[in-house]
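Undergrad: fold the stuff below for me.
(2 chains, ligands or ions: 2)
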Amino acid sequence: MDIFLQAMINGVTLGSIYGLIAIGYTMVFGIIGMVNFAHGDVFMLSAFVALILFLILTQLLGITNVALAFVIVLVGAMAITALWNWAIERVAYRPLRGSFRLAPLISAIGMSIFLSNMVQVIQGPRNKTIPPMFEKNIALTSGGSYDVTLSYKQIVIMVSTTLLMAAFWYLVQKTPLGRAQRACEQDRKMAALLGIDVDRTISLTFVIGAALAAVAGVLYLSYYGVVSFADGFVPGVKAFTAAVLGGIGSLPGAVLGGLLIGLIEVLWSTYVSTDYKDVAAFSILAITLIFMPTGLLGRPEIEKV
Amino acid sequence: MTTIIEAAPGRKAAPGRDGAPTPMLSIRGLQTFYGKICALKGIDMDVNEGEIVTLIGANGAGKSTLMMTIFGSPRAREGSITYEGRDITRLPTHEIARLEIAQSPEGRRIFPRMTVYENLQMGAAINGFAHFDRDLERAFTIFPRLKERAQQRGGTLSGGEQQMLAIARALMSRPRLLLLDEPSLGLAPLIVKQIFDVIRDLNKTEGLTVFLVEQNAFHALKLADRGYVMVNGLITLSGTGKELLSRPEVRAAYLEGGH
Ligand SMILES: Nc1ncnc2c1ncn2[C@@H]1O[C@H](COP(=O)(O)OP(=O)(O)O)[C@@H](O)[C@H]1O
Ligand SMILES: [Mg+2]
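TA: Numbering: from 1, shown residues only, chains lettered A, B, ... in the order given. Ligands and ions are numbered 1, 2, ... in the order given. The predicted structure follows:
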C-alpha cells in the first residue's frame, strides 16, 4: 500500500511534466492539424536554456537564493524557448502552409533532427548536470518498512504545474487572445472573415506551447538534475502519447493523458519492470490509435474543413 | 450613418446615383480560379450605398465564390474589387474584415464549440469591444431568441437560430456593408420571412447596405432594389428587382415552383 502511494506521488509528478508538453502537441494539432514532431526537442532545448540560465545566475552572478534563481530561470526559459518556437514556425512551417499535407510534417521531423544535432554540437554529447535543488523530503508515513515521501522538488513541480495550467486555462477560455485561438481552431476561414489575423494566432499557439514545454523542461531538469541532447525524443513521444490518449485537440485531455501516462509509467516500473517502462507508453499509443482514435476526451471528428 | 426614409419599398435613389455615382462596392472583370477551374469568368457589378442588391443563380453558378473573393479567400486572379474607393483586391482577408464590411457566409459557419455569447464576442473582435454591451443589446433586440440561448453552444442551435446568430455576429462589428450568402437555405418559411424582415428593417432604419446571395429568387428579388443573375461564373442579367421578377427567362429558370 505504501509502495502504491509512493508510486502515485511519483506518477503524478512525472505526469504533470508530460501534461505540460502534451498541451503543446494538442494545441498545434488543434489549430493546424499537424503533429509537431519537433516539440519534444523544443522541450529538450528549453531544459538546456534553463541549465545555462541557472549556471549564469548561480556561478556568474552568485545568486544563492534557490527559489529566486528557480523563478528567474523559469521565466527566462519560457521566454527564450517561446521565441525559438516562434522562429521555428516562421521559418519551417508557415511557408509550407497550403502545401501538400505531409510537407509541414516532414519539415517538423527535419526541425527535430536539427534541434537535437545543434544542441549536441554546441553543448556536447554528454549528459549535463546541475547541482541538486530543493533537496528536502517530507515523510508522509514513517515507522513502517517503507517510508512514503514527498520531496520538495515534487511539491514545486505540482504547484508550478497547477498554477501555470490555471493561468493557461484562463488565457484560453477568458481572454480575447484565447478566444481567437479557439476560433481559429474551430474554423480558420471564419475567424479571418471576422478580422482575426490567423497567421498571428497560429504563431501565438506555438509561443504558448513552447512556454509550457519550457516549464516542463525546467521542472524536468530540476527533478532529474541531468539533461542530454537526446532527451527530446522519449519524453516527447510520451507526451504525444498523452495527447493522443486524452484525445488530440482536447486541452483537458492533454492534462488527463499526461497524468495517466505518468502514473502508468511509474506503476509499471514499480510492479512490472523498469526496463520496459518506455514500452508501456508506446504500447498505449498503439492501442489508443487502434481502438480509440479519438481518445478519452476527444470528440469524434466528423469533418474538418 | 445616414438614415434613408423611403416611401415605396425597394425604390430608392442611392446617394450620388444621379450625379457622379461612386458605388460603395465596385467589382470589375473579376476572375477566380480553383486550381485550373475557372469559377468566376469576369464579373462586373456595383453595390451602391443604402441599397439591397441581390445575386441569384443556380447551385454552382459561383455566387459563394464571389462572396468569398470579395474577402480575398480565394484570391482573385484578374480584375479588381474596390470598396469605398479603395482597392481591396490584394488585401489580406482579416484586413478586409476591418473595413466595415461583414459577411454571413454560406453554411453560416457558427463556431460550434463556442457559446452564442462567445460567437458574438468574436464578431466584435475587431473593434476592441469599445461598444460591445450596446451592440450586444441591439443584437438581442433584433433576435430575442439569441438572448435566451446566450450560454448555449453554437453547434447545438437549430438552423434558424444559427442563421440569426450568423447575422447578429456579422452585425457586431458595425459594418456598413453586409454580405449575406443564402440566409434562407434550409429554413422554414416562417423563419425565412422573419430573417428577410430583419434585413429590410436594417436597411430601412439604419441605412445598412446589403449584398444578398439567394437561391430563393422570388423573396430576394422582391426585397432587393437591384439584382444580378449569375450563370456559370458570368453575370447574364441585371436590373431592378421588379424588372428581373417580370423577365420570362428569370421566371422560367428561378421562379417556377420556387415559391
Ligand atoms: N473549394 C473549392 N474547390 C474547388 N472547386 C470549388 C470550390 N468551391 C466551389 N467550387 C466550384 O466552383 C463553382 C462555383 O461554386 P460556388 O461558388 O459554391 O457556387 P454557388 O454558391 O453559386 O452555388 C462550382 O462549380 C464548385 O464546384
Ligand atoms: Mg453557394
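
Undergrad: what number of residues are in the vicinity of the residue in the stretch 1-150 of chain A positioned nearest to chain B?
TA: In the stretch 1-150 of chain A, the residue that lies nearest chain B is residue A:30 (10.7 Å; C-beta to the nearest C-beta). The C-beta positions use only the backbone N, C-alpha and C, and glycine is treated the same way. For residue A:30, the neighbour count with other C-beta atoms under 10 Å in any protein chain shown is 20.

Undergrad: look up the residues forming beta bridges with residue B:55.
TA: When assigned by DSSP bridges, residue B:55 has beta-bridge partners residue B:213, residue B:228.

Undergrad: what pLDDT does it get?
TA: Model confidence at residue B:55, given as pLDDT, is 96.

Undergrad: isn't it right up against residue B:228?
TA: Yes - if you go by C-beta atoms under 8 Å, residue B:55 and residue B:228 touch, sitting 4.9 Å apart.

Undergrad: need the residues touching each of the two.
TA: residue B:45 (C-beta atoms under 8 Å, 6 or more residues apart in numbering or on different chains).

Undergrad: list the buried ones in the strand or helix carrying residue A:77?
TA: Using DSSP states H and E, residue A:77 sits in helix A:66-88. Within helix A:66-88, the residues that qualify as buried are A:66, A:69-70, A:72-74, A:76-78, A:80-82, A:84-85, A:88, counting by 16 or more other C-beta atoms under 10 Å in any protein chain shown.

Undergrad: and the longest helix along chain B, what does it pack against?
TA: Longest helix in chain B, counting residues (DSSP state H): helix B:189-206. When contacts are defined as 3 or more C-beta pairs under 8 Å, 6 or more residues apart in numbering or on different chains; DSSP states H and E, helix B:189-206 sits against strand B:52-57, helix B:132-142, helix B:159-171, strand B:209-214, helix B:217-223.

Undergrad: can you lay out these as TSV showing distance to ligand 2 and mean neighbour count?
TA: Shown next, in TSV, are these (distance: least, C-beta to the ion, whole Å; neighbours: other C-beta atoms under 10 Å in any protein chain shown):
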stretch	distance to ligand 2	mean neighbour count
strand B:52-57	9	26
helix B:132-142	24	15
helix B:159-171	14	23
strand B:209-214	7	25
helix B:217-223	13	22
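
Undergrad: wait, what's in contact with the closest residue to ligand 1 within the stretch 101-250 of chain B?
TA: The stretch 101-250 of chain B approaches ligand 1 most closely through residue B:106 (6.2 Å), counting by C-beta to the nearest ligand atom. By C-beta under 8 Å, 6+ apart, the contact list for residue B:106 reads B:64, B:67, B:181, B:182, B:185, B:213.

Undergrad: which SS class is it?
TA: At residue B:106 the chain is in coil, as set by DSSP: H, G, I helix; E, B strand; the rest coil.

Undergrad: tell me which parts of chain B are close to chain A?
TA: B:71, B:73, B:92-95, B:97-98, B:102-103, B:105, B:109, B:111-114, B:118, B:121-123, B:125-126, B:129, B:169, B:173 (C-beta under 8 Å from any C-beta of the partner chain).

Undergrad: which SSE is immediately downstream of the strand or helix carrying residue A:190?
TA: Assigned by DSSP H and E, residue A:190 belongs to helix A:188-193. Downstream of helix A:188-193, the first helix or strand assigned by DSSP H and E is helix A:198-224.

Undergrad: show me what counts as buried in that next one.
TA: A:198-199, A:201-223.

Undergrad: how about stretch B:241-252: buried residues?
TA: Using 16+ other C-beta under 10 Å as the test for burial, stretch B:241-252 gives B:241, B:244, B:245, B:247, B:250.

Undergrad: cool, and stretch A:146-162?
TA: Going by neighbour count (16+ other C-beta under 10 Å), the buried part of stretch A:146-162 is A:148, A:149, A:150, A:151, A:153, A:154, A:156, A:157, A:158, A:160, A:161.

Undergrad: out of these, who's nearest ligand 2?
TA: residue A:161 (47.6 Å; C-beta to the ion).

Undergrad: list the contacts for that closest one?
TA: Residue A:161 sits next to A:16, A:17, A:19, A:20, A:215, A:219 when contact means C-beta under 8 Å, 6+ apart.

Undergrad: which residue is the nearest non-sequential neighbour of the first one?
TA: The shortest distance from residue A:16 to any residue that is not its chain neighbour, by C-beta to C-beta, 6 or more residues apart in numbering or on different chains, is 3.8 Å, and that residue is residue A:161.

Undergrad: and the one you found, what pLDDT?
TA: pLDDT recorded at residue A:161 is 92.

Undergrad: give me the angle between the one helix or strand residue A:161 maps to and helix A:66-88.
TA: Taking DSSP H and E as the definition, residue A:161 sits inside helix A:152-174. If you take axes from the mean of the first three to the mean of the last three C-alpha atoms, to 10 degrees, helix A:152-174 sits at 50 degrees to helix A:66-88.

Undergrad: any idea which helix or strand comes after helix A:152-174?
TA: Downstream of helix A:152-174 (by DSSP H and E), the next one is helix A:176-186.

Undergrad: which residues are in contact with that next one?
TA: A:27, A:30-31, A:170-172, A:190-191, A:194, A:196, A:198, A:201-202, A:204-205, A:208, A:249, B:111-114, B:118, B:121-122, B:125, B:129.

Undergrad: among the residues you listed, name the buried ones.
TA: Counted by 16+ other C-beta under 10 Å, the contacts of helix A:176-186 give A:27, A:30-31, A:172, A:190-191, A:194, A:196, A:198, A:201-202, A:204-205, A:208, A:249, B:111, B:114, B:118, B:121-122, B:125 as buried.

Undergrad: picking that back up, let's see the helix holding residue A:161 as CSV, backbone CA atoms only.
TA: C-alpha atoms of helix A:152-174 as CSV (Å, rounded to 0.1, in the frame of the first residue of the first chain):
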residue,chain,number,x,y,z
TYR,A,152,10.2,19.5,-2.1
LYS,A,153,11.0,19.0,-5.8
GLN,A,154,7.8,17.2,-6.3
ILE,A,155,5.9,19.9,-4.5
VAL,A,156,7.5,22.5,-6.6
ILE,A,157,6.6,20.6,-9.7
MET,A,158,3.0,20.0,-8.7
VAL,A,159,2.5,23.6,-7.6
SER,A,160,4.1,25.2,-10.6
THR,A,161,2.2,22.9,-13.0
THR,A,162,-1.1,23.7,-11.3
LEU,A,163,-0.5,27.4,-11.3
LEU,A,164,0.6,27.6,-14.8
MET,A,165,-2.2,25.4,-16.1
ALA,A,166,-4.7,27.6,-14.3
ALA,A,167,-3.1,30.7,-15.9
PHE,A,168,-3.1,28.9,-19.2
TRP,A,169,-6.8,27.9,-18.9
TYR,A,170,-7.7,31.4,-18.1
LEU,A,171,-5.8,32.7,-21.1
VAL,A,172,-7.6,30.3,-23.5
GLN,A,173,-11.1,30.5,-22.0
LYS,A,174,-11.4,34.1,-20.9
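
Undergrad: contacts only, for residue B:139.
TA: B:120, B:146, B:168, B:171, B:172.

Undergrad: now do it against residue A:247, distance only.
TA: 33 Å (C-beta to C-beta, to the nearest Å).

Undergrad: residue A:175 now?
TA: Plainly put, residue A:175 is 24 Å away from residue A:247 if you go by C-beta to C-beta.

Undergrad: okay, the two: which has more neighbours?
TA: Neighbour totals were compared for residue A:175 and residue A:247, and residue A:247 leads with 24 against 11 (other C-beta under 10 Å).

Undergrad: mind listing what's buried in the top helix by length along chain A?
TA: Longest helix in chain A, counting residues (DSSP H): helix A:2-32. Neighbour-count burial for helix A:2-32 flags A:6-32 (criterion: 16+ other C-beta under 10 Å).

Undergrad: and that helix, what does it pack against?
TA: With contacts defined as 3+ C-beta pairs under 8 Å, 6+ apart, the packing partners of helix A:2-32 are helix A:39-55, helix A:152-174, helix A:176-186, helix A:198-224, helix A:233-246, helix A:251-271.
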